[in-house]
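J.: show me how the following folds:
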Amino acid sequence: MHGAVQRLEIADSEKPRQPLADIGERGGHLGVEIADMSGLIGDLTALGHKQTEQARAAVAAAEQMGQTNAALASAMDEARASVDSTRTTLGETATHVADTLTRTTENLGRLGEGAIALKDSIENVRTTIKSVQDASEAILEIARDTQLLALNAGVEAARAGEAGRGFAIIADAVKVLADKIRPFTAENKRNLDTLTRTLNSVMAEAGKNATIAQTAIEDSNGARKATETLQNLVQSAQQLTRDFGVMAQSVVSNSESYEDMRREMTALVDTVKACESKLKLADLRADSILGISEDFILFIAESGIETPDSPIVALCQDTARTIAGLFEDALDTNRIGMADLFDENYRPVPNTDPQQVMTKFVTLTDRVLPPVQEPILTRDPRIVFCAAVDRNGYLPTHNKKYSQPQGPDPAWNVANCRNRRIFKDRTGLAAGRSTRPFLLQTYRRDMGGGNFALMKDVSAPIVVRGRHWGGFRIGFKV
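T.: Next up is the predicted model:
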C-alpha cells in the first residue's frame with residue numbers, strides 16, 4: 001500500500017512537468033512559424049521596394065518615351081511641311097521642265113528638218129553646178145576649137161590671096177570672139193570650182209548639223225522620259241506627304257497613350273509605396289513578435305523546463321566556455337596579444353564573391369577552433385553547422401565542409417564558402433552581440449540561388465578575461 005502511495009505521489013509530481021514541457025515544445029513551434037512569417041514579410045518588403053524602384057523606372061521611361069514622341073511629332077510636322085514644300089516645288093519644276101522640253105523638242109524637230117532640207121537643197125545646187133561646169137567645159141572646148149578653126153581659116157585665106165580676103169576678115173572676127181569667150185569661160189570655171197568647194201564645205205557642215213539635230217531629237221525623247229520620272233517623283237512626294245500625315249496621327253495617339261500610361265504608372269508607384277510602407281511596418285512588428293517569442297523560449301529554458309532543444313543549448317554554452325579558455329590560454333602563452341585577438345580591421349580578400357575578409361586572429365582560430373567545432377557536427381543529427389563569430393558577425397573559421405575555395409559561381413560560393421565572411425543579418429549580429437546566457441533564434445538561412453532553409457540558431461557568449469569577444473553559434477534543423 002505504501003509503494004502504491006509512493007508511485008501515486010511520483011505520478012502526481014510529474015503531472016505539472018508534462019504540460020510545461022508541452023508549452024516549451026509548442027513555444028518552439030510558435031517561434032519557427034513566426035520566424036518563417038517574418039522571413040516572408042521581409043521578402044515581401046524587399047520585393048515591394050524592388051517593385052517601387054521598377055515602377056519609378058517605368059514612369060521615368062514612360063516620361064522619356066512621351067518626350068521622345070513629342071519631339072518625333074514635332075520633327076514629323078517639320079518633315080511633312082518640308083515634303084509639302086518640296087512637292088510643290090517639284091510639281092512647278094516638273095511642269096516648267098515639261099513645257100520647256102516640249103518647246104525645245106519641237107524647235108529641235110523643226111531645226112533638224114530644216115537642216116535635212118538644207119542638205120537636200122545644197123545637194124540639188126551641187127548637181128546644178130555640176131551641170132553648169134560640164135556646160136562650161138563644153139563652151140571652153142568649143143572656144144578652143146573655134147580659135148583653132150579661125151587660125152586655120154586665116155592660113156587658108158592667106159593662101160587664097162585676094163580671093164580669100166573676105167574669108168580672112170570673117171576668120172579674124174571669129175578668132176577675136178573666141179579669144180573673148182575663152183577668158184570668161186576660164187574665169188567661170190574657176191568661180192564654179194570655188195563655189196563647188198564652198199558648197200562641199202557647207203554640205204559637210206549641214207550633214208553634221210543634221211546629225212546633231214537628229215541626236216538632239218533622240219535626246220529630247222530621253223528628256224521626256226526624265227520628265228515622266230520627275231512627275232512620278234512628284235506623285236511619290238504627294239504619297240509621302242499623306243504617309244507623314246498618317247504617321248503623325250499615330251505618334252500623337254501614342255503620345256496620348258504614353259501620357260495615360262504615365263499617369264497610371266504614377267498611381268501604381270503611389271500604391272506600391274503605400275504597400276511597401278505597410279510591409280515595413282509589418283516587418284517591424286514581425287521582428288518584435290519574433291523577439292517576444294525568443295524571449296518566451298528563453299524564459300521557458302531558464303525556468304528549468306526541458307525542451308527538445310535543451311541538450312543543444314547546453315552543448316553550445318559548454319563549447320563557448322571551452323573556446324574562451326583556448327583564447328585565454330593563447331594570451332597566457334603569448335601566441336597572440338589582446339589587441340590582435342579583438343582586431344576589427346577587416347581586410348578584403350581580393351577577387352572574392354561574396355566578399356571575404358581577414359583579421360589578425362584568423363591564424364589562431366584556424367588552429368584552435370576546428371578540433372572543437374568538427375566533433376560537434378556528429379553530436380546530434382539535427383546539427384547543420386557550428387562556428388564562432390565576433391561582435392560584428394565576422395565568422396573567421398567555419399566547418400570544413402563550408403570552407404571550400406571560392407569558384408566562379410557566386411551562388412555556389414554563398415552555400416559552400418561561408419568562412420572569412422561577415423554576416424550582418426539580424427541572426428548573425430544578435431548571436432555575436434548577445435551577452436545573455438544563451439540566445440535561441442529561428443531564422444531562414446540563405447543557401448544561395450534564392451533558396452532558404454528554416455533553421456534554429458542557438459548561441460552563447462564568448463567572454464575572454466571579462467571582455468566580450470563574440471559568440472558561439474550552433475545551427476540546427478527545426
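J.: so where do the strands sit in the stretch 201-350 of the chain?
T.: For the stretch 201-350 of the chain, strands defined by DSSP state E, counting those that start in this stretch occupy the ranges 347-348.
J.: for the record, mean pLDDT for stretch 462-472?
T.: For stretch 462-472, mean pLDDT rounds to 97.
J.: my guess is Leu377 meets His398, correct?
T.: No: between Leu377 and His398 there is no contact under C-beta atoms under 8 Å: 11.2 Å. Yep, even glycine has a C-beta here, placed from its N, CA and C like the rest.
J.: of the two, which one has the most company?
T.: More crowded of Leu377 and His398, by other C-beta atoms under 10 Å: His398, with 23 against 16.
J.: what's the neighbour count on the residue lying closest to that one once chain neighbours are set aside?
T.: Distance criterion C-beta to C-beta, 6 or more residues apart in numbering; nearest residue to His398, sequence neighbours excluded, is Asn419 at 3.9 Å. Asn419 has 19 neighbours, counted by other C-beta under 10 Å.
J.: okay, now the unreliable bits of the stretch 351-478 of the chain?
T.: Scanning the stretch 351-478 of the chain for pLDDT under 70 picks out the ranges 445-450.
J.: mind jotting down where the helices sit in it?
T.: Along the stretch 351-478 of the chain, counting by DSSP state H, counting those that start in this stretch, helices occupy 362-368, 370-376, 410-416, 426-433.
J.: output the contacting helices and strands for the second one.
T.: Yep, that's helix 370-376 we're talking about. Applying 3 or more C-beta pairs under 8 Å, 6 or more residues apart in numbering; DSSP states H and E, one finds that helix 370-376 contacts helix 310-332, strand 383-390.
J.: hmm, who's touching that helix?
T.: With contacts defined as C-beta atoms under 8 Å, 6 or more residues apart in numbering, helix 370-376 is touched by 315, 319, 322-323, 326, 383, 386-388, 397, 399-400, 474.
J.: would you list these in a markdown table and tack on distance to Gln214?
T.: Compiled in a markdown table, these are given as follows (distance: C-beta to C-beta, whole Å):
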| residue | distance to Gln214 |
| --- | --- |
| Leu315 | 117 |
| Thr319 | 116 |
| Thr322 | 119 |
| Ile323 | 115 |
| Leu326 | 117 |
| Ile383 | 110 |
| Cys386 | 109 |
| Ala387 | 105 |
| Ala388 | 109 |
| Thr397 | 105 |
| Asn399 | 104 |
| Lys400 | 104 |
| Ile474 | 111 |
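J.: between the residues you listed, which is nearest Gly166?
T.: Set against Gly166, the nearest of these by C-beta to C-beta is Lys400 (169.0 Å).
J.: run a quick neighbour tally on the closest one.
T.: Here the number of neighbours of Lys400 (other C-beta under 10 Å) works out to 12.
J.: dump the residue contacts of it.
T.: 370, 374.
J.: for the top strand by length along the chain, packing partners?
T.: Determined from DSSP state E, the single longest strand within the chain is strand 451-464. Judged by 3+ C-beta pairs under 8 Å, 6+ apart, strand 451-464 is in contact with helix 17-160, helix 310-332, strand 383-390, helix 426-433, strand 439-448, strand 467-477.
J.: what angle sits between that strand and helix 426-433?
T.: Using axes from the mean of the first three to the mean of the last three C-alpha atoms, to 10 degrees, the direction of strand 451-464 lies 10 degrees away from that of helix 426-433.
J.: on that earlier part again, mind listing the shared neighbours of Leu377 and His398?
T.: Common neighbours of Leu377 and His398, using C-beta under 8 Å, 6+ apart, are Phe385.
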